[in-house]
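Asks: Dropping a prediction and its sequence here:
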Amino acid sequence: AKAMGMSVEEYQLGMNARVRMETAINDLRVIGGDAANGVTVECDGNMPARHLVVTITDEGKAKGKETLEKLIVEALKSASDKSKVGRDEAQKDMMKYISDSMKKMGAM
């Protein structure tokens, strides 16, 4: 902490905030695609995703190769977009946590 010009409390706060954000991103689950079309993609908030589940039903398979490929790409893009929103929210939450904690530290 000293080498970075921070107090031990500030360093611990930063480390705790980072862990909270990483946990939020790892625990995030978003779904892209449409079950009615027979293709869904579920992923976490990491980029690239650590948790990735692609579900293709018989209805999706029945649409043919070209349509199925298009549906998979759309589902992946949709899940990726939702994942980005989740990462942005996790970062906002981390910054709020740091701000609130710094205020409390100043009050001590």
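Replies: Here it is on my side, so go on. All values reported here derive from a predicted model rather than from experimental measurement.
Asks: CA atoms for contacts and neighbours, from now on please.
Replies: Will do.
Asks: sec struct for the residue most central in space within the chain, please.
Replies: Taking Cα atoms, centre = their mean, the centroid of the chain lies closest to Gly45, which sits 1.8 Å from it. For Gly45, the secondary structure call by DSSP: H, G, I helix; E, B strand; the rest coil comes out as coil.
Asks: go on, Thr55?
Replies: Applying three-state DSSP: Thr55 is strand.
Asks: Can you list phi and psi of the residue nearest to the centre of the chain for me?
Replies: Torsion angles at Gly45 (phi, psi; degrees, to the nearest 10) stand at phi -90, psi 0.
Asks: My read is that it contacts Glu22, right?
Replies: No. The criterion here is Cα atoms under 8 Å, and Gly45 misses it with Glu22 at 9.2 Å.
Asks: ranges for the helices of the protein?
Replies: 8-27, 58-61, 65-107 (DSSP state H).
Asks: Distance from the chain centre to the second one, please.
Replies: Relative to the chain's own centre, helix 58-61 is displaced by 28 Å; criterion: Cα atoms, centre = their mean, to the nearest Å.
Asks: doesn't Thr40 make contact with Val54?
Replies: Yes. Counting by Cα under 8 Å, Thr40 is a contact partner of Val54 at 5.9 Å.
Asks: Where does pLDDT dip in this protein?
Replies: Across the chain, the ranges flagged by pLDDT under 70 are 107-108.
Asks: Return the residues in contact with Lys61.
Replies: Each residue near Lys61 by Cα atoms under 8 Å, 6 or more residues apart in numbering is listed here: Gly38, Leu68.
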